[in-house]
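Colleague: heads up, no residue letters with this:
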């Protein structure tokens, strides 16, 4: 990414500003932008605190705290999320169905106090993997080919905590229950260059392979016989219906696992 | 004041106890619990230390080959009170038992570094006592790892300075790292020696340029007790790398990732084999029967502080401290806000203090407050790889219990490979305000294409690459597996590199590292609580 663009982001954060809310953004529309994260330390217990990112296009400040993968201070992030009318508790328009990708480019570290913002307790994950001591229930028939999908950060093959693992275990249990004859794993990478906030972002096809390999290793460790695993890769994928089709770019960074009984 | 100087009358102690086992634990003659089955020699030693007499030095140290009986409950005094180890199998004769018998050619046994008086680990005080008592002749000081480098002359204090000053043993790791099958892997980083005060990493026979290139790091022994917690797998997935925990090829069961500081041995069996071949200098094959006996013995032990000098018994007045709960409780259970960790001691935080002079009641309240603070006092966890790069965000607000989250022992269920800043610069030198000068310093440079360390970039200076010496990954540089927190008072100093000499120093380290700004009262409460574990 070009240094001039990061200088521009730095200035955006450093200069006194009247941060704008995204009044112009229609509720339910998708915003996609690259920016520097701001941490607002609203102390409402464990994992509380607000993550805010400004869209450099118009200076609008968004609350991305609902992302399954939070920002890291000092690093740029790519945000894709849906504008909501939820109450502003953090100092930004709330994005839901939001995904954050941490980018390697540096940003200034910005922590701010509550400044009158209430914040909110950490939202619990939608679905979590139960402890090992909890017996698993196998899914009931009918058994027919079924596809499970996991999504990734931009540029990474890391299986996102409390998200990918739930899907992977469901796939393993379905394979076990259905007596699967094959488990086809396809890794995808968003290889077509995309310009976001002036930055060109594209993934290498080798990442599709790495993502598929991670999913395959996870399934193998969960007990899926290696002989059943079929691995393939693909670039330039079409979007899926992730979050009702509201996150077209995030949906391209995925692995599909098709279990065939 | 040391506990051994103010022994509690036996009858009074027993009267305070709720059941016979606990009563037995509190015999402050301690080291040898009365037992009809024990051999003559042990019985005679107990008679030498009758009633409430302080523990004698010769009884406190268990030498390999001693003909003694490890009773059902074994208690020793320490500076904070009494540590007790339960032996669930009942009295165990140690004569010929492989845990207590030299198996290699340097005279050491497992017990050499896993002493009952030190919570089945090894305290710096014991190390120094052995040095003074034997003038360096104890097998503990074998040069293979009890000296800064095997090439140094044995018996000279300077040769053993790291063991005598930090309580750390040399851990020799192959370079490049090897996978579980022993096949070399290509690390994501290069490794250079910047400083080598111990001399071993540049040693022509034992160093990186030797015929068998080796990285020498220096670490404290981990306790061989409460092992059902160490091996417990609370969740199938390791959130730190996103994958399910690996399966043990020998048994097909999932491994916990919590056995060793760098996960070089993922199971107790692998750890025992590794220790026999390295620390005990065993040559040839490991005897399966001996291995089985060692594993059985160490897994039947449960250790905790059972008394403190001021608070008295830790298992009365609503508290359930001590080792009995450890023996009976389920392992691998994650704490939560509705079920906070250390509930066994939190009950004391609201204990009435009838008058200001009631030191015991006041200390119990302090312990209870410290136990509660552990999970309620939040702060910003910042740039701790293994925590702040998983999706929680960096920083993330949480408490001590964020990482030390397994009920009863404070291990990390996850498991616990985290860089808290004890190994990697700059935190390693800045956090306690004392530059580290006696440990080696390495410069690790991540190769092009490798994912950089999440918070330190591509060039990292470290005293111990930790988990990265097992995985070869940049993101793992400086990660050390979190330790169990039981029996702490018996086994100072703390952290893998022995950098905190006291529990107060340990609290101060975290306070500085994470800018918690604990008050003096909070520091006192946390210290008193840690002493009671």
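Modeller: Right, received. Where do you want to start? None of these values were measured; they are calculated from a predicted model. Residues are numbered from 1 along each chain as shown, chains lettered A, B, ... in the order given.
Colleague: what sits against the residue nearest to residue B:501 when sequence neighbours are not counted?
Modeller: Once flanking residues are discounted, residue B:501 sits nearest to residue B:493: 4.7 Å by CB to CB, 6 or more residues apart in numbering or on different chains. All C-beta atoms are positioned from the backbone trio N, CA, C, and that covers glycine. Contacts for residue B:493 were tallied using CB atoms under 8 Å, 6 or more residues apart in numbering or on different chains; they are B:124, B:166-167, B:220, B:499-502.
Colleague: Spatially central, which residue of chain B would that be?
Modeller: Closest residue to the average C-alpha location of chain B: residue B:222 at 3.5 Å, with CA atoms, centre = their mean.
Colleague: Can you give the distance from stretch B:319-333 to the centre of its chain?
Modeller: Relative to its parent chain, stretch B:319-333 has a centroid offset of 18 Å by CA atoms, centre = their mean, to the nearest Å.
Colleague: Okay, now it: how far is its last residue from its first?
Modeller: 19 Å (CA to CA, to the nearest Å).
Colleague: Strands of the stretch 101-250 of chain B, residue ranges please.
Modeller: Applying DSSP state E, counting those that start in this stretch to the stretch 101-250 of chain B gives strands spanning B:169-174, B:189-195, B:214-219.
Colleague: so residue A:216, which of the three states?
Modeller: helix (DSSP: H, G, I helix; E, B strand; the rest coil).
Colleague: Tally up the residues packed near it, please.
Modeller: 20 (other CB atoms under 10 Å in any protein chain shown).
Colleague: and the strands of the stretch 101-250 of chain B, which is most packed in?
Modeller: strand B:214-219 (a mean of 23; mean count of other CB atoms under 10 Å in any protein chain shown).
Colleague: and it with strand B:189-195, angle?
Modeller: 70 degrees (axes from the mean of the first three to the mean of the last three CA atoms, to 10 degrees).
Colleague: helices or strands next to strand B:214-219 in the packing?
Modeller: strand B:169-174 (3 or more CB pairs under 8 Å, 6 or more residues apart in numbering or on different chains; DSSP states H and E).
Colleague: relative to strand B:214-219, how tilted is the strand it packs on?
Modeller: Using the same axes, to 10 degrees: strand B:169-174 against strand B:214-219 is 150 degrees.
Colleague: So what touches strand B:169-174?
Modeller: Here strand B:169-174 has contacts from B:113, B:144-149, B:162-163, B:184, B:198, B:200, B:206, B:212-221, B:262, B:264, B:278-279, B:469-470, using CB under 8 Å, 6+ apart.
Colleague: Pull out the buried residues from the residues you listed.
Modeller: Buried members of the contacts of strand B:169-174, counted by 16 or more other CB atoms under 10 Å in any protein chain shown: B:113, B:144-149, B:162-163, B:198, B:200, B:206, B:214-221, B:262, B:264, B:278-279, B:469-470.
Colleague: what stretches of chain B score poorly on pLDDT?
Modeller: Where chain B drops to pLDDT under 70, the residues are B:1-58, B:430-433.
Colleague: residues from it in reach of chain A?
Modeller: For chain B, the residues in contact with chain A (CB under 8 Å from any CB of the partner chain) are B:233-237, B:239, B:241-247, B:254, B:330, B:332-334, B:337, B:378, B:380, B:388-399, B:402, B:452, B:454.
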